[in-house]
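Visitor: What shape does this take:
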Amino acid sequence: MALCEVAVSRPQRWDVPFGDTMSDRDVEALLEIEPFCSIGPDDFAPNLSLRGILRNDARITHYQPGDIIVREGDYGHSAFLILKGTARIVLEGLSAVELGRQPTVQRSWWDALSQLWQNPRLPEVRCQSPTKGRFQVATHGAAGNLAKTRVFLQDIPRVIDETRTAILYSGEFFGELAAMTRSQRSSTIFAESDAVLLELRWQGLRDLMRGTNALREHIEQLYRENSLRVHLRETPLFDSLPMEQLDAVAEATLFETHGAFDWHTNFEPVVRRSTADAIVTEPLIAEEGGPCDSVILIRSGFARLSYHHGHGHQTVSYLGKGQVYGLAEAIESIQSGRSVPLVHSLRALGYVDVLRVPLDVLAQHVVPRAPKQLVIETLRRSQLEYPPPGGSVVSKGDSAGNHGGLEPSVETPLLEFLVERRLINGKQAMLIDLDRCTRCDDCIRACAATHDNNPRMQRHGPRHGKYMVAHACMHCVDPVCMIGCPTGAIGRDADTGSVRINDQTCIGCGTCANSCPYDNARMVEIRDSQGAIVVDQQTQQPIVKATKCDLCADQLGGPACQRACPHDALVRMDLGNLGELSKWVSR
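Guide: Numbers count the residues shown, from 1 in each chain. Take a look at the predicted model:
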């Protein structure tokens, strides 16, 4: 049968607005209040106007008392401005049941089995929307429905009495931290009264911040303040501090950023350099031998821990979110009354947010109240010797966030391979043991069978010795594919944290495929249900969509590739968890 072509309108950024109920009247009302009334419309390009952003990247939502607006642990894609009413932020105390958490809905065994004979014969078939004449996959990653049942708290007085909360008033922004850093919500916020909120998806927030310094400075200030208090509470060193001491620490703490937010743009030139050249070009956060005048907490991103060795630098480990640098030297300096030099250098890998707590603040408010066992363990770890050249290094630390320790080891060359290529970013990377792999391609066939005959992985990728990290989406800690997506089509699943593509709102711009530093997102030409190539009716060029691994989120048993491997050669794992990695490579 000869295949024909079918012409449709090329998808555009605002074909699917964030809120389809926004009207011109709503936009005009928003332009009369802060911060929008202080923003000059002339600062924006005609095709990306202020009115256009508010009309298409924002929506007005109404909440009743007790309705949960954002939940702690969910991945954020939007920020909120309170237009009317009040909300409460819960700092701690709510259970998972109260937050309404439910597992990801998976297919039944019959649905999974019947897919084997229901898959399309041709690749990349899309279903056509009868209402908009566009080709969509309505069963995967559907956009949020405002009419869905909300989670709400039934007993607000009890929540207020039994948990630590703070009130948010009309005119306040929140949620911008998670929205701009592609990270999890740090707190739960619910409506205390009848409330009207403006929800702004992060693409619109980004464009507004580009167009006006005032909004950017305002958001950055909120970002700094929120990250300080939340992160301090998440660190064992500070979690038992009374509120008065915690406030004193927060007041003196400095918020710093190192590296570039869009670090992926120069990723390839960096990985092609030698290890020695790459290290010296990484932004220096703290240098070995320098005085210990503070403790550094990693807020987000990754940092390399190294020391001078011969004419170069030896990588010891890396630090990620929630870990602490310089704590042992700080405690020893405070207890001995003399300045103790730093024993390692700390360098930014890509983009790193850090919190720097001055030594005098630690001495006055923290160390005297710190758990004794934490102090003893920190000082014990500081006595460990450097690993020998070419030897192994310990995993990335304990729950207290200290570097070093007696954890399972990873060979230094393997660690440097993961750090240099920033593969430690992968939460669900596909690691293949080539000594066990027989190249049977059962993993590819299983992937294709569960994705309408369209495999979402490639059995090749960067190698180190007998190990290969295959080209399959790693569902990164920092998924930079979401940075430039103009429609918000790429986002995290609220339950699993997997990074998924909403085929309905993907316009085929290719930004995600160009942004992914690991070549794990691809653009594919799509077909209609009859097998015809879908083309742009104006240019007659094929319409493309983004595609990548979705971690088989709706499949029974998890990733089909791993389950199908007959030789236990393939695993999906967090490459940043050196303890887990060590156990797997030393099987």
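
Visitor: per-residue confidence for Arg88?
Guide: Here, the pLDDT recorded for Arg88 equals 87.

Visitor: With the one 3 residues further on instead?
Guide: According to the predicted model, the pLDDT of Leu91 comes to 62.

Visitor: Also Ser382?
Guide: Reported pLDDT for Ser382: 58.

Visitor: Equivalent analysis for Arg229, please.
Guide: Predicted confidence (pLDDT) for Arg229: 74.

Visitor: Make 531 the starting number, not 1.
Guide: Done: numbering now begins at 531, and the last item shifts to Arg759.

Visitor: would you say it is within a helix?
Guide: Yes: judged by DSSP: H, G, I helix; E, B strand; the rest coil, Arg759 forms part of a helix.

Visitor: Using the three-state scheme, assign the residue nearest to it when sequence neighbours are not counted.
Guide: Spatial nearest neighbour of Arg759, chain neighbours left out: Ala780 (5.5 Å); criterion: Cβ to Cβ, 6 or more residues apart in numbering. Placement of C-beta: from N, CA and C, glycine included. Here Ala780 is recorded as helix under three-state DSSP.

Visitor: State the distance from Ala780 to Leu827.
Guide: Distance, Ala780 to Leu827, by Cβ to Cβ, to the nearest Å: 12 Å.

Visitor: okay, those two: which has more neighbours?
Guide: Neighbour count, other Cβ atoms under 10 Å: between Ala780 and Leu827, Leu827 has more, with 28 against 18.

Visitor: Now do the same contact list for the more buried one.
Guide: Neighbouring residues of Leu827 by Cβ atoms under 8 Å, 6 or more residues apart in numbering: 761-762, 765, 853-855, 884-887, 931.

Visitor: quick one: which of these is nearest Arg585?
Guide: Closest approach to Arg585 among those (Cβ to Cβ): His761, at 35.5 Å.

Visitor: Leu885 is in contact with that closest one, correct?
Guide: Yes: contact criterion Cβ atoms under 8 Å: His761 and Leu885 qualify, at 6.0 Å.

Visitor: Give me the common contacts of these two.
Guide: Residues touching both His761 and Leu885 (Cβ under 8 Å, 6+ apart) are 827, 829.

Visitor: Name the nearest residue to Ser608, ignoring sequence neighbours.
Guide: In space, Ser608 comes closest to Arg731 once its chain neighbours are excluded; the distance is 4.7 Å by Cβ to Cβ, 6+ apart.

Visitor: again, but for Asp1008
Guide: Asn955 is the one closest to Asp1008 (Cβ to Cβ, 6+ apart), at 5.8 Å.

Visitor: And for that neighbour, the neighbour number?
Guide: The burial count for Asn955: 25, using other Cβ under 10 Å.

Visitor: so where is the stretch 881-1030 of the chain shaky, pLDDT-wise?
Guide: Within the stretch 881-1030 of the chain, the stretches with pLDDT under 70 are 910-938, 1024-1025.

Visitor: Where do the strands of it begin and end?
Guide: For the stretch 881-1030 of the chain, applying DSSP state E, counting those that start in this stretch gives strands covering 922-924, 939-941, 959-963, 993-994, 997-999, 1020-1022, 1029-1031.

Visitor: can you redo these as TSV with mean neighbour count and distance to Phe566?
Guide: Formatted as TSV, the strands of the stretch 881-1030 of the chain follow (neighbours: other Cβ atoms under 10 Å; distance: least, Cβ to Cβ, whole Å):
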stretch	mean neighbour count	distance to Phe566
strand 922-924	20	51
strand 939-941	19	51
strand 959-963	23	42
strand 993-994	15	51
strand 997-999	20	45
strand 1020-1022	24	25
strand 1029-1031	23	31
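
Visitor: export these to a markdown table and tack on distance to Val557?
Guide: Formatted as a markdown table, the strands of the stretch 881-1030 of the chain follow (distance: least, Cβ to Cβ, whole Å):
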| stretch | distance to Val557 |
| --- | --- |
| strand 922-924 | 55 |
| strand 939-941 | 54 |
| strand 959-963 | 43 |
| strand 993-994 | 53 |
| strand 997-999 | 47 |
| strand 1020-1022 | 25 |
| strand 1029-1031 | 29 |
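
Visitor: Of these, give the one that comes closest to Thr591.
Guide: Of those, nearest to Thr591 by Cβ to Cβ is strand 1020-1022, at 17.7 Å.

Visitor: in stretch 1074-1090, what's buried?
Guide: 1074-1083, 1085, 1089-1090 (16 or more other Cβ atoms under 10 Å).

Visitor: Now intersect those with the strands, please.
Guide: Residues of those located in strands (DSSP state E): 1074-1077.

Visitor: which one of those sits closest to Phe548?
Guide: Using Cβ to Cβ, these come closest to Phe548 at Ala1076, 19.0 Å.

Visitor: picking that back up, and which of the buried residues of stretch 1074-1090 is nearest Ser866?
Guide: Of all the buried residues of stretch 1074-1090, Leu1081 has the smallest distance to Ser866: 49.8 Å, by Cβ to Cβ.

Visitor: Surely that closest one touches His1005?
Guide: Yes: between Leu1081 and His1005 there is a contact at 6.1 Å, judged by Cβ under 8 Å.

Visitor: Quick check: chain neighbours aside, which residue is closest to Arg975?
Guide: Of all residues not flanking Arg975 in the chain, Ala1094 sits nearest, at 7.1 Å (Cβ to Cβ, 6+ apart).

Visitor: One more: Val1101?
Guide: Leu961 (5.4 Å).

Visitor: Then Leu771?
Guide: Nearest residue to Leu771 in three dimensions, chain neighbours excluded: Arg899, at 6.1 Å (Cβ to Cβ, 6+ apart).

Visitor: Neighbours of the one you found, how many?
Guide: 12.

Visitor: circling back to that earlier point, make a ChimeraX selection of whichever of the contacts of Leu827 turn out to be buried.
Guide: Buried residues among these (16+ other Cβ under 10 Å), as a ChimeraX selection:
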select :761,762,765,853,854,855,884,885,886,887,931
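
Visitor: Out of the contacts of Leu827, the closest to Ala1019 would be?
Guide: For the contacts of Leu827, the nearest to Ala1019 is His761 (30.0 Å; Cβ to Cβ).

Visitor: so where's the longest strand in this structure?
Guide: Longest strand in the chain by number of residues (criterion: DSSP E): strand 824-839.

Visitor: Could you give the average pLDDT over that one?
Guide: Strand 824-839 shows a mean pLDDT of 89.

Visitor: again, but for stretch 861-879
Guide: Stretch 861-879 comes out at a mean pLDDT of 91.

Visitor: Ends of that stretch, what's the gap?
Guide: Stretch 861-879 has an end-to-end distance of 27 Å (criterion: Cα to Cα, to the nearest Å).

Visitor: Only the buried residues of that stretch, if you could.
Guide: 861-864, 870, 872-879.

Visitor: Sitting in helices, which of those do you find?
Guide: 861-864 (DSSP state H).

Visitor: would a markdown table of those with distance to Ala833 be doable?
Guide: Output for those, formatted as a markdown table (distance: Cβ to Cβ, whole Å):
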| residue | distance to Ala833 |
| --- | --- |
| Ile861 | 20 |
| Glu862 | 21 |
| Ser863 | 21 |
| Ile864 | 23 |
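
Visitor: Out of the residues you listed, which is nearest to Pro653?
Guide: Scanning these for proximity to Pro653, where the rule is Cβ to Cβ, the winner is Ile861, at 59.6 Å.

Visitor: The closest one and Leu889: what is the separation?
Guide: According to Cβ to Cβ, Ile861 and Leu889 sit 10 Å apart.

Visitor: Same question for His1005.
Guide: 38 Å.

Visitor: do Val854 as well
Guide: According to Cβ to Cβ, Val854 and Leu889 sit 14 Å apart.

Visitor: Equivalent analysis for Asp982, please.
Guide: 59 Å.

Visitor: One more: Leu835?
Guide: Taken as Cβ to Cβ, the span from Leu835 to Leu889 is 20 Å.

Visitor: higher neighbour count, those two?
Guide: The neighbour comparison of Leu835 against Leu889 (other Cβ under 10 Å) goes to Leu835, with 24 against 19.
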